[in-house]
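S.K.: Would you be able to build a 3D model of this:
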Amino acid sequence: MGTRTTANTGHIKTLIRRFSLVAAGLITITFTALYSDPALKNALSGYPLFCPAPDTAKRLGFTGIRMIREATSVQVFRVDSDYDPTKDPTVDRSGIETIGGSLVIQKSPPLHGKYLTDVKSLILGDGISDPLMIGCVPDYGVILRLISPNGSMDVELCFHCNQVGILETDTKGQSIGSYSGNINEKNAFLKLSQEAFPNDVHQ
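M.R.: Modelled structure (predicted):
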């Protein structure tokens, strides 16, 4: 009986070792295939191996990830998404600035350095999750515009119902992608907004 138990244990250990070797081989092949794509390699370089978060990667795709990765600056806008100057033809619209259909109330200069890094990390990490079924129309109050050589990405934030709208445009202003999500790290996004407009008493 003791000999049979020992033999069975040895067989199980052998199977576990074989399975481990196969799994390691599959992982190696997978990452080798991933990094054989120059665009993907460039998009993911500079970040930890398992960033961006899997859900984020699926939502944005390689184009969106690359646009965030290659962004050289970010500009922050405080907006009023309820205002539509086209509804009143008597309004003088000269000098009125809009973004994503919202009235621009205030905007920051292009921001770089740690601020830009924090924005990228938040979006590529767990700052945004899959959209939730919420029965309300988002009232976007802040828009983060990431600017890259290949275009720009607007991240529209509603701090009332925590909805997110993401719009990608190319260098000619043509839409190349749009996504929706839910704010997962509200305090972090609020902190970024406050840092961009430290003297704003309405925040």
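
S.K.: For stretch 151-164, give the mean pLDDT please.
M.R.: Mean pLDDT, computed over stretch 151-164, is 92.

S.K.: swap that for stretch 168-175, sorry
M.R.: pLDDT averaged over stretch 168-175 gives 89.

S.K.: contact partners of that stretch?
M.R.: 63-64, 67, 149-154, 167, 176-178 (Cβ atoms under 8 Å, 6 or more residues apart in numbering). (Glycine included, C-beta is placed from N, CA and C.)

S.K.: Please give the element, helix or strand, for residue 123.
M.R.: Assigned by DSSP states H and E, residue 123 falls within helix 113-124.

S.K.: Kindly spell out which helices and strands sit in contact with that helix.
M.R.: Under the contact definition 3 or more Cβ pairs under 8 Å, 6 or more residues apart in numbering; DSSP states H and E, helix 113-124 sits against helix 54-69, strand 73-80, strand 142-148, helix 186-196.

S.K.: Find the residue closest to residue 68 in space, skipping its chain neighbours.
M.R.: Leaving out its chain neighbours, the residue that sits closest to residue 68 by Cβ to Cβ, 6 or more residues apart in numbering is residue 120, at 5.5 Å.

S.K.: The following helix or strand past the helix holding residue 123: partners in the sheet, and parallel or antiparallel?
M.R.: Following helix 113-124 in sequence order, the next helix or strand is strand 128-129 (DSSP H and E). Take DSSP bridges as the rule and strand 128-129 pairs in its sheet with strand 175-183 (antiparallel).

S.K.: Output the partner strand in CSV with nothing but the alpha carbons.
M.R.: The C-alpha trace of strand 175-183 is given here as CSV (Å, rounded to 0.1, in the frame of the first residue of the first chain):
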residue,chain,number,x,y,z
SER,A,175,-13.5,61.0,-35.2
ILE,A,176,-11.7,57.7,-35.1
GLY,A,177,-13.3,56.2,-32.0
SER,A,178,-15.6,56.7,-29.1
TYR,A,179,-16.1,54.8,-25.8
SER,A,180,-18.1,55.0,-22.6
GLY,A,181,-17.3,54.0,-19.1
ASN,A,182,-17.7,54.7,-15.4
ILE,A,183,-15.5,56.7,-13.1
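
S.K.: Enumerate the positions of it that are buried.
M.R.: Using 16 or more other Cβ atoms under 10 Å as the test for burial, strand 175-183 gives 177, 179, 181-183.

S.K.: Distance to residue 160 added to those residues, as JSON lines?
M.R.: Listed next are the buried residues of strand 175-183 as JSON lines, based on distance: Cβ to Cβ, whole Å:
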{"residue": "177", "distance to residue 160": "25"}
{"residue": "179", "distance to residue 160": "20"}
{"residue": "181", "distance to residue 160": "15"}
{"residue": "182", "distance to residue 160": "12"}
{"residue": "183", "distance to residue 160": "10"}
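
S.K.: For those, which two are the farthest from each other?
M.R.: 177 and 183 (19.4 Å; Cβ to Cβ).

S.K.: check contacts around the nearest residue to residue 190 once chain neighbours are set aside.
M.R.: The shortest distance from residue 190 to any residue other than its chain neighbours is 6.8 Å, reached at residue 159 (Cβ to Cβ, 6+ apart). Residue 159 makes contact with 141-142, 183, 186, 189-190, according to Cβ under 8 Å, 6+ apart.
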